[in-house]
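# Have a look; sequence and predicted model below, questions after that.
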Amino acid sequence: MLVKTYGSAVFGVDALTITIEVSIGGGNKYHIVGLPDNAIKESLRRIESAIQSAGLKMPRQKIVINMAPADIRKEGSAYDLPIAIAILAASGQIESQETAAYFIMGELSLDGGLQPIRGALPIAIQAKAAGFKGFILPKDNSREAAIVSELIVYGMSNLMEVVAFFNGQEKPQRVFVNSEDTFIQHQNSYEYDFSDVKGQNNIKRALEIAAAGGHNLLLIGPPGAGKTMLAKRLPTILPPLSLQEALETTKIHSVAGKLNALDALMTERPYRCPHHTISDMALVGGGAQPQPGEISLAHNGVLFLDELPEFKRSVLEVMRQPLEDRNIIISRARLSVTYPASFMLIASMNPCPCGFYNHPEKACICGPGMVQKYLNKVSGPLLDRIDLHVEVTPVNFKELSSSGITEKSEQIRERVIAARSIQAVRFLGKADLYCNAQMSPNMVRKVCIIDKKGRELIKKAMEKLGLSARAYDRILKVARTIADLAESKEIEPEHLAEAIHYRSLDRDSWAS
């Protein structure tokens, strides 16, 4: 007897329908065809034990299992459940014809229990798009899949529950999740707040500008100055995720297996902070079975690279293309997958190997040329993609012990949202352009128009401070964001002056 069930394979952040065909006939061997990997080839041992643990019988006949399309490689243990259901249906232990109406996915334990899978959300989206009635999967993934409206989702704990459902013996509760209510309820529930930060008003201002324009930012300062603490609070002042952004972000984390059973939808902007020993593949994604890297897990959020010069040069260089294109394409001989990677890069570094160059109280002990050698670990092309370079100085005791009330993240975020609203109107109708940092050089010439006083100011700054030519466009972009925060239609000289102040590493006097 031939029976078909349906599952799915995830490529990148999208899914593809996979048909599992099972035929039982004369003989006594098991065969799996259709480019299965080792995890699928081993599945028959798990399936046999799970079926017997559920009080059912594993057929002692020839079983041929085909996974179509046969020219696409299938990977992972999530096909255990659809194969088991197809075997039971083909052997007459499940009489229902409804098995072909549902997507079925899940890894089986030897006792018949269902283990969570990766990519439940993109699979659920594919099930709805392909016109299936519903989706049966492990209970731990059920809330994630139920985000997809108009799709019936059942979360199951073990194989016996699935068999009982198809035989009409049990009617499990359908899993419901109201995505809009979940989104609105949790979108501002952050652990950190800018009100925790004492002093550092100039750095808070720089972070506000970075958030308002989507600018990448580099914090330079001695150990203990508060660089990491400030970076952790940046997501709290970014505009809240839109529902579409939340779905995009959840898909990526679903594929990477980073969602827990209680997370139906990611409502906070992600904050990723990889260690400096990370490999280039772990940062951008890839592997024998391609998975999203840290830059994709930071999509619609913040990627924080602490101690930037300590990262391997090759790791930093692979970020150059994603920073421009806001996605990463991973190519292999048999497939090519694209992961989104639209993130804000926030980096921090000490000014020198000992950490105390330009410190107001402690003396730098680095030898001649060591400061410049240390800074040269970060390439010019990467620095060219960072709009703001900000010096962070230690907080003195008076500010640290002050009991005064400091501004909350919510108040700063209101100003950021207002500035982003101005940019949304400015870039209306322009595809893939949402904030000032994303402007092309041609767009900068059209949008960032300065008067005669402004041109004189920036000319003098470039001559006297030794600013490099690459700083010119960056200054104009940042000045446009500062003007947006001030609700000014024109870029005034004071906006340019503040933007120039945020180009520390472009000065000839730095590290000399």
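Received it, and whenever you're ready, just let me know what you need.
# Any idea how far apart the tips of stretch 33-53 sit?
26 Å (Cα to Cα, to the nearest Å).
# Give the buried residues for the top helix by length along the chain.
Longest helix of the chain, by residue count under DSSP state H: helix 409-426. The neighbour-count check on helix 409-426 (16 or more other Cβ atoms under 10 Å) flags 409, 412-413, 415-416, 419-420, 422-423, 426 as buried. Every residue, glycine included, has its C-beta placed from N, CA and C.
# which stretches of the stretch 401-512 of the chain aren't confidently modelled?
468-470, 506-512 (pLDDT under 70).
# what's the weakest-modelled helix or strand in the chain?
helix 179-186 (a mean of 64; mean pLDDT, DSSP states H and E).
# Give the next helix or strand downstream of the one helix or strand Arg480 maps to.
Per DSSP states H and E: Arg480 is located in helix 471-485. Moving toward the C-terminus from helix 471-485, the next helix or strand (DSSP H and E) is helix 493-501.
# before we move on, back to that, does anything pack onto the helix holding Arg480? Which helices or strands?
helix 201-213, helix 409-426, helix 441-447, helix 452-464, helix 493-501 (3 or more Cβ pairs under 8 Å, 6 or more residues apart in numbering; DSSP states H and E).
# Now do that helix against helix 452-464: the angle between them, please.
Orientation check (axes from the mean of the first three to the mean of the last three Cα atoms, to 10 degrees): helix 471-485 against helix 452-464 gives 140 degrees.
# Could you check how many residues crowd around Ile24?
Look at Ile24: counted by other Cβ atoms under 10 Å, it has 19 neighbours.
# Which helix or strand contains it?
strand 14-25.
# buried ones in the helix or strand following that strand?
Downstream of strand 14-25, the next assigned helix or strand under DSSP H and E is strand 30-33. Of the residues in strand 30-33, 30, 32 count as buried by neighbour count, 16+ other Cβ under 10 Å.
# domain parsing for this protein?
Following automatic domain parsing, the chain resolves into domains at 2-166, 185-436, 439-512.
# Buried deepest among these, which one?
Burial of these is given as mean neighbour count (mean count of other Cβ atoms under 10 Å); domain 2-166 ranks first at a mean of 20.
# ends of that one, how far apart?
17 Å.
# cool, stretch 345-355 as well?
22 Å.
# contacts for that stretch?
210, 216-223, 227-228, 231, 234, 302-309, 319, 323, 357-358, 364-366, 370-371, 374-375, 378, 385-386, 391-392, 511 (Cβ atoms under 8 Å, 6 or more residues apart in numbering).
# now do 7 Å
216-223, 227-228, 231, 234, 302-309, 323, 357-358, 364-366, 370-371, 374, 386 (Cβ atoms under 7 Å, 6 or more residues apart in numbering).
# next one: stretch 150-161
Outside of stretch 150-161, the residues within contact range by Cβ under 7 Å, 6+ apart are 50, 54, 84, 108, 112-114, 124, 127-128, 133-139, 142, 145-146, 162, 165, 170, 172, 174-175.
# With stretch 388-405 instead?
198-200, 203, 206, 209-210, 215, 217-222, 224-227, 360, 478, 502-505.
# Can you pull the phi/psi pair for Gly155?
Here is the backbone geometry of Gly155 (degrees, to the nearest 10): phi -100, psi 120.
# do Ser242 as well
According to degrees, to the nearest 10, Ser242 has phi -80, psi 160.
# Report the beta-bridge partners for the residue lying closest to His31 once chain neighbours are set aside.
Excluding the flanking residues, the one nearest His31 by Cβ to Cβ, 6 or more residues apart in numbering is Val64, at 4.9 Å. Beta bridges link Val64 to Ser23, His31, judged by DSSP bridges.
# confidence score at Val64?
You'll see Val64 listed with a pLDDT of 94.
# ends of stretch 298-312, how far apart?
End-to-end for stretch 298-312, by Cα to Cα: 20 Å.
# gap between stretch 459-477 and the chain center?
Mean C-alpha position of stretch 459-477 versus that of the full chain (Cα atoms, centre = their mean, to the nearest Å) differs by 33 Å.
# send the alpha carbons of it over as PDB?
What follows is stretch 459-477, C-alpha atoms only, in PDB (Å, rounded to 0.1, in the frame of the first residue of the first chain):
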ATOM      1  CA  LYS A 459      36.200  73.100   4.700                       C
ATOM      2  CA  LYS A 460      38.000  74.600   7.700                       C
ATOM      3  CA  ALA A 461      37.300  71.400   9.700                       C
ATOM      4  CA  MET A 462      38.900  69.200   7.000                       C
ATOM      5  CA  GLU A 463      41.900  71.500   6.800                       C
ATOM      6  CA  LYS A 464      42.600  72.200  10.500                       C
ATOM      7  CA  LEU A 465      41.600  68.900  12.000                       C
ATOM      8  CA  GLY A 466      43.100  66.900   9.200                       C
ATOM      9  CA  LEU A 467      39.800  65.100   8.500                       C
ATOM     10  CA  SER A 468      40.000  62.500   5.600                       C
ATOM     11  CA  ALA A 469      38.000  62.800   2.400                       C
ATOM     12  CA  ARG A 470      35.900  59.700   3.400                       C
ATOM     13  CA  ALA A 471      34.600  61.600   6.400                       C
ATOM     14  CA  TYR A 472      32.800  64.200   4.200                       C
ATOM     15  CA  ASP A 473      29.700  62.100   3.300                       C
ATOM     16  CA  ARG A 474      29.500  60.600   6.800                       C
ATOM     17  CA  ILE A 475      29.500  64.100   8.400                       C
ATOM     18  CA  LEU A 476      26.700  65.200   6.100                       C
ATOM     19  CA  LYS A 477      24.600  62.100   6.900                       C
END
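# Can you tell me which residue sits nearest the middle of the protein?
Against the mean C-alpha coordinate of the chain, by Cα atoms, centre = their mean, the closest residue is Leu297 at 2.3 Å.
# so how far is Leu335 from that one?
Taking Cβ to Cβ, to the nearest Å as the measure, Leu297 falls 21 Å from Leu335.
# Sort out for me which of the contacts of stretch 345-355 are in helices.
Per DSSP H, the contacts of stretch 345-355 map to helices at 227-228, 231, 323, 370-371, 374.
# quick revisit: closest one to Thr17 among the helices and strands packed on helix 471-485?
Between Thr17 and these, the shortest separation by Cβ to Cβ is 36.7 Å, and it involves helix 409-426.
# Please enumerate residues in contact with that closest one?
So helix 409-426 is in contact with 190, 193-194, 208, 211-212, 233, 236-239, 435-436, 447, 481, 484-485, going by Cβ under 7 Å, 6+ apart.
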